[in-house]
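**Q** below: sequence and its predicted model.
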Amino acid sequence: MNNAQQTARVGLFFLLGLALVWVTFETLSDGTMFKEHGYTVIADFDNLKELKVGDEVRLAGVKIGSVEKTRLAGRRAEAVLRIDPKVKIGSDATAAILLSGLIGGNYIGIDMGAAGSPPLAAGAEIRTQDTADLNDIMKELSGLGTQLQTSLGSLTGAMNGDGKGGGLFQKLDKLVTDNSAKLTETMTNLHEITDKINRGQGTIGKLINDSDLHDELLASVGDIKSAADQAKLFVTNAEGIVDQIKSGQGTVGTLVYDQKSADNIKVTLANIRAVSDKLTKGEGTLGKLINDDSLYNNAQATLHKADRTFDGLNDSGPITAVGVLANALF
């Protein structure tokens, strides 16, 4: 093999190696090693929480880009996000730094936002929301553990005492010891009471053991319930009557709410009063009959004459009798 052929083969292998390296880098960088695809969005936070370049950006859990750059902007930290050009993020969407697992890294999660909202323009800022990371959670758990330890220490001191005075257990023991006689007496009394109840003595004992008294009590309760139902029915009927009166129905309703009927009643009462006044004053035929004694005396005399005339008719004929009767009356 001459030198020319050997040099050509070495050059060919070198070119193949360069091509292989280029393909490898293109594959690892999703074809973005020499050109940038998509648009950028700015997300600023109080703390990036170990977020680094290359971390994923997810929309509703789906990867749509990555973190291109992190930087400081005054008193806040910014993350420049490179987003897939085929994905549009709503202008009302919110970004947050989330944990991918207890031992995993961070990523930026973005919600969908409202339907129909306009998309973010390239280079625009997206709204952000601060979330607690693992370190914050561990700090809170540590503080909670400290508080729990302090509370348990206080509870232990209260139970066992602090050396100056007895604890709760000692106080309870002393209370029971000092009042053992009273407790024994109380238990004895309770035993006697329960024994009387079991034997059916006393009101409670009879209620528990006497079935007849129990039945009577249930009957009384039933009567009370029936009376309550009747009272409820009476109230309901009364309400119905009141409603009818208010609506002007029936005689009472007409008298109360019908102005024409009320006026007629007033006129009738006025007429009755006028008639009674005339009777009292002796006016009219009926008033004179009631108040004038002479009319009564004349009527009584006429009746006496008629009586005597009828006594004499037995001995006279019909014509004579008529004449005598007419003469006696007139």
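**A** Perfect, thanks for sending it.
**Q** can you give me the neighbour number for D55?
**A** Per other C-beta atoms under 10 Å, the neighbour tally for D55 reads 20. From N, CA and C alone the C-beta is placed, and that goes for glycine too.
**Q** what is the mean pLDDT for stretch 42-53?
**A** For stretch 42-53, mean pLDDT rounds to 88.
**Q** pull out the buried positions in it.
**A** For stretch 42-53, the neighbour count (16 or more other C-beta atoms under 10 Å) marks I42, A43, D44, F45, L48, K49, L51 as buried.
**Q** and the contacts of it?
**A** 66-70, 73, 76-81, 95, 97, 105-106, 108, 123-126, 128, 130, 133, 135 (C-beta atoms under 8 Å, 6 or more residues apart in numbering).
**Q** where does K63 fall, phi/psi-wise?
**A** Dihedral angles of K63 (phi, psi; degrees, to the nearest 10) stand at phi -70, psi 130.
**Q** tally up the residues packed near it, please.
**A** Neighbours around K63, by other C-beta under 10 Å: 12.
**Q** could you give the bridge partners of it?
**A** K63 has these beta-bridge partners by DSSP bridges: R58.
**Q** kindly provide the distance from it to A4.
**A** 52 Å (C-beta to C-beta, to the nearest Å).
**Q** what mean pLDDT does stretch 187-195 get?
**A** Averaged over stretch 187-195, pLDDT sits at 84.
**Q** got it, and stretch 115-126?
**A** In this model, stretch 115-126 has an average pLDDT of 90.
**Q** swap in stretch 21-38?
**A** On average, the pLDDT along stretch 21-38 is 63.
**Q** what's the end-to-end length of that stretch?
**A** Chord length of stretch 21-38, first to last residue, is 25 Å (C-alpha to C-alpha, to the nearest Å).
**Q** packing partners for the longest helix seen in the chain?
**A** Longest helix in the chain by number of residues, with DSSP state H as the criterion: helix 211-246. Packing partners of helix 211-246 (3 or more C-beta pairs under 8 Å, 6 or more residues apart in numbering; DSSP states H and E): helix 202-209, helix 250-257.
**Q** what's the average pLDDT for that helix?
**A** On average, helix 211-246 scores 77.
**Q** now the angle from it to helix 202-209?
**A** Angle, helix 211-246 to helix 202-209, by axes from the mean of the first three to the mean of the last three C-alpha atoms, to 10 degrees: 90 degrees.
**Q** not counting sequence-adjacent ones, nearest residue to A93?
**A** Spatial nearest neighbour of A93, chain neighbours left out: G113 (3.8 Å); criterion: C-beta to C-beta, 6 or more residues apart in numbering.
**Q** returning to that earlier point: weakest of the helices and strands packed on helix 211-246 by average pLDDT?
**A** helix 250-257 (a mean of 64).
**Q** next SSE downstream of whatever helix or strand L20 lives in?
**A** Assigning secondary structure by DSSP states H and E places L20 in helix 3-28. Using DSSP H and E, the helix or strand that follows helix 3-28 towards the C-terminus is strand 39-45.
**Q** for the residue nearest to A93, helix, strand, or coil?
**A** Here G113 is coil, with the state taken from DSSP: H, G, I helix; E, B strand; the rest coil.
**Q** residue contacts, it?
**A** Per C-beta under 8 Å, 6+ apart, neighbours of G113: I89, G90, S91, D92, A93, T94.
**Q** likewise for L172?
**A** Counted by C-beta under 8 Å, 6+ apart, L172 has zero contacts.
**Q** and it, helix, strand or coil?
**A** Under the three-state scheme (three-state DSSP), L172 adopts helix.
**Q** quick check: phi and psi at S117.
**A** According to degrees, to the nearest 10, S117 has phi -70, psi 150.
**Q** list the contacts for it?
**A** S117 touches G90, S91, D92, A93, counting by C-beta under 8 Å, 6+ apart.
**Q** from R127, how far off is the third one?
**A** Using C-beta to C-beta, D92 is found at 7 Å from R127.
**Q** ok, and what's touching whichever strand or helix holds A95?
**A** Using DSSP H and E, A95 sits within strand 94-99. Contact with strand 94-99 is made by 43, 45, 48-49, 51, 81, 106-111, 113, 126-131, 133-134, as judged by C-beta under 8 Å, 6+ apart.
**Q** buried only: go through those residues for me.
**A** 43, 45, 48-49, 51, 81, 106-111, 113, 126-128, 133.
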